[in-house]
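**Q** Quick one, fold the following:
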Amino acid sequence: MAVSVLQLVELGLHGAAFLCGIVCASSLTVAQGEFGGWCLLYGAVSWNGTALVPKSFSHVSLCYFISAVSVVVALCCFSALLYGIYGCCSDEAPWDRAWLSVALGVAIIILFFLLVSACILRVGMDALCASLVQTKTLASCQEAEHKPWGSYSPTRFYRNLYSAQAAAWVNVFLWCLLTARLLLLRRRDAPFPLLRRDEPEGGGESEAIFGGRPRRP
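**A** Residues are numbered from 1 along each chain as shown. Got it, this is the predicted structure:
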């Protein structure tokens with residue numbers, strides 16, 4: 001069975017989305033581990049004269065939500081990737097309209113949760129960095145990796161959070177492309193396509209109902 005370029009592109013998008021989900025979940029988990037499992041997003045930090053001291057953390061369920069969304073989406077992408085490879089290697093018939101509708105609905109739901117997760121990461125990280133800069137001891141949030149912390153010893157928390165945020169937004173972009181692909185497929189398989197003016201099918205019925213000039217022999 002010949003494999004089209006669009007099928008290869010779709011496989012590549014699912015593979016890239018799978019990697020983004022794994023990177024987002026693992027990076028956020030490692031960043032949590034550097035602070036004893038606490039969620040850094042929307043956190044507040046102060047300077048006690050010798051070290052940075054966290055004043056508040058977000059509830060761990062916030063980071064768990066982002067990790068869970070990333071893992072579930074990664075599993076969906078992996079399943080779709082395997083199914084796509086199977087479809088390329090077999091002569092299985094293409095998706096029908098009902099299956100396209102289901103796949104499109106699932107893609108929209110996934111895209112919504114990915115967008116929510118990416119926004120939480122972005123806003124939560126901005127709030128944490130704003131609190132770090134307000135201590136007047138840092139010129140940027142990244143410098144906090146090289147400062148002493150009370151009760152903690154983080155070394156890569158900013159890079160891990162940044163990697164998680166970047167992977168989340170790339171995943172949103174990839175799923176926008178996948179959703180657009182499904183929309184095009186569903187539109188192409190519309191049950192009642194519009195007829196062109198020069199198309200003879202249905203011409204007699206429309207003329208009988210609405211009236212029209214008779215055709216010349």
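**Q** For stretch 28-38, could you pull out the residues that count as buried?
**A** 28-32, 34-35, 38 (16 or more other C-beta atoms under 10 Å). To be clear about C-beta, it is placed using only N, CA and C from the backbone, and glycine gets the same treatment.
**Q** ignore the last one, stretch 61-70
**A** Counting neighbours by 16+ other C-beta under 10 Å, stretch 61-70 gives 62-63, 65-67, 69-70 as buried.
**Q** same deal with stretch 98-117?
**A** 100, 103-104, 107, 110-111, 113-115, 117.
**Q** Dump these into JSON lines; add distance to Tyr158 and secondary structure as well.
**A** Converted to JSON lines, the buried residues of stretch 98-117 look like this (distance: C-beta to C-beta, whole Å; DSSP: H, G, I helix; E, B strand; the rest coil):
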{"residue": "Leu100", "distance to Tyr158": "42", "secondary structure": "helix"}
{"residue": "Ala103", "distance to Tyr158": "38", "secondary structure": "helix"}
{"residue": "Leu104", "distance to Tyr158": "38", "secondary structure": "helix"}
{"residue": "Ala107", "distance to Tyr158": "32", "secondary structure": "helix"}
{"residue": "Ile110", "distance to Tyr158": "28", "secondary structure": "helix"}
{"residue": "Leu111", "distance to Tyr158": "28", "secondary structure": "helix"}
{"residue": "Phe113", "distance to Tyr158": "25", "secondary structure": "helix"}
{"residue": "Leu114", "distance to Tyr158": "22", "secondary structure": "helix"}
{"residue": "Leu115", "distance to Tyr158": "23", "secondary structure": "helix"}
{"residue": "Ser117", "distance to Tyr158": "19", "secondary structure": "helix"}
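**Q** Closest to Gly87 out of those?
**A** Among the buried residues of stretch 98-117, Ala103 lies closest to Gly87 (C-beta to C-beta), at 12.7 Å.
**Q** Leaving out chain neighbours, which residue sits closest to that closest one?
**A** Sequence neighbours aside, Leu182 is the residue nearest to Ala103 in space, at 5.7 Å (criterion: C-beta to C-beta, 6 or more residues apart in numbering).
**Q** wait, the one you found sits on Trp99?
**A** No: if you go by C-beta atoms under 8 Å, Leu182 and Trp99 don't touch, sitting 10.4 Å apart.
**Q** what about the strands in the chain?
**A** 39-47, 52-58 (DSSP state E).
**Q** tilt between the first one and strand 52-58?
**A** Relative orientation of strand 39-47 with respect to strand 52-58: 140 degrees, computed using axes from the mean of the first three to the mean of the last three C-alpha atoms, to 10 degrees.
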